[in-house]
Structures are given as C-alpha cells and as structure tokens.
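Colleague: Mind looking at a prediction? Sequence and model below.
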Amino acid sequence: MWSTKDCMMLALFAGGSANIARVYSCFTRVHVALLDKEKADSQKLLTLPDVKNVLTRGTEMQLVVGIDAPRYAALTAKTLGKTEAH
C-alpha cells in the first residue's frame, strides 16, 4: 500500500511535481503524464512499493502495480494536487 511519502517519491523520481501533468489509472497501471520524459528515472520508479514494471509510451510513464492502481493513482493525484482522469 502506498503512503503520501511514496507519492512524493514518485514525483521526485518522475522529475519533480512540476514535470507531472496528470495522474490516472487503468485497472492495473498508474499512468503518469509527463511534460519531459527525459527528467524521469524509470529505475528509481521501480523501487516504489508494488511497482513491478515501468513502461514508457510517448511522454507517459505507466507503473504496473496490479489491482490497487486506481487507489494509488487517486492518492498520488490528491497528494500532488494533480488532475486525475478516470
């Protein structure tokens, strides 16, 4: 289970909160839309709890976390003050 600290670490590893445009989820992934994907460190993102894989699609990073993805995305969006799309 993620804590607000994990959400803040996600922001740090994604290049800072200012580099994150929005956070949302599908059934098993937390999607993080980035302004500059070069600022993100996918190896560090893999160290977050429950992150099994990190995929990059364009400027979006997808954190494969399993069925808790909607809960993690909602907490991250709330913690960072970002838009969460459903």
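Modeller: Cool, the structure landed. Residues are numbered from 1 along each chain as shown.
Colleague: Below-threshold pLDDT in this structure: ranges please.
Modeller: Within the chain, the stretches with pLDDT under 70 are 85-86.
Colleague: show me the residues around the residue nearest the centre of it that make contact.
Modeller: Central residue of the chain (Cα atoms, centre = their mean): Val32, 4.6 Å from the mean position. By Cβ atoms under 8 Å, 6 or more residues apart in numbering, Val32 lies in contact with 10, 14, 20, 22-23, 40, 60-63, 76. For the C-beta atoms, the positions are set from N, CA and C on the backbone; glycine is no exception.
Colleague: Try it again at 6 Å.
Modeller: 14, 20, 23, 61 (Cβ atoms under 6 Å, 6 or more residues apart in numbering).
Colleague: Ramachandran coordinates for the closest residue to the third one other than its chain neighbours?
Modeller: Same thing as Val23. Residue nearest to Val23 in three dimensions, not counting chain neighbours: Ala77, with 4.4 Å by Cβ to Cβ, 6 or more residues apart in numbering. Backbone torsions of Ala77, given as degrees, to the nearest 10, read phi -60, psi -40.
Colleague: Just give me the closest of the contacts of Val32 to Met1.
Modeller: Met1 lies nearest to Val23 out of the contacts of Val32, by Cβ to Cβ, at 16.8 Å.
Colleague: SS state for that closest one?
Modeller: Three-state assignment for Val23 (DSSP: H, G, I helix; E, B strand; the rest coil): strand.
Colleague: Isn't it up against Ala73?
Modeller: Yes. Contact criterion Cβ atoms under 6 Å: Val23 and Ala73 qualify, at 5.3 Å.
Colleague: ok, which stretches of this protein are strands?
Modeller: If DSSP state E is used as the criterion, the strands of the chain fall at 20-25, 29-34, 53-57, 60-64.
Colleague: What is the last one packed up against?
Modeller: The one in question is strand 60-64. strand 29-34, strand 53-57 (3 or more Cβ pairs under 6 Å, 6 or more residues apart in numbering; DSSP states H and E).
Colleague: Brilliant, that's me finished.
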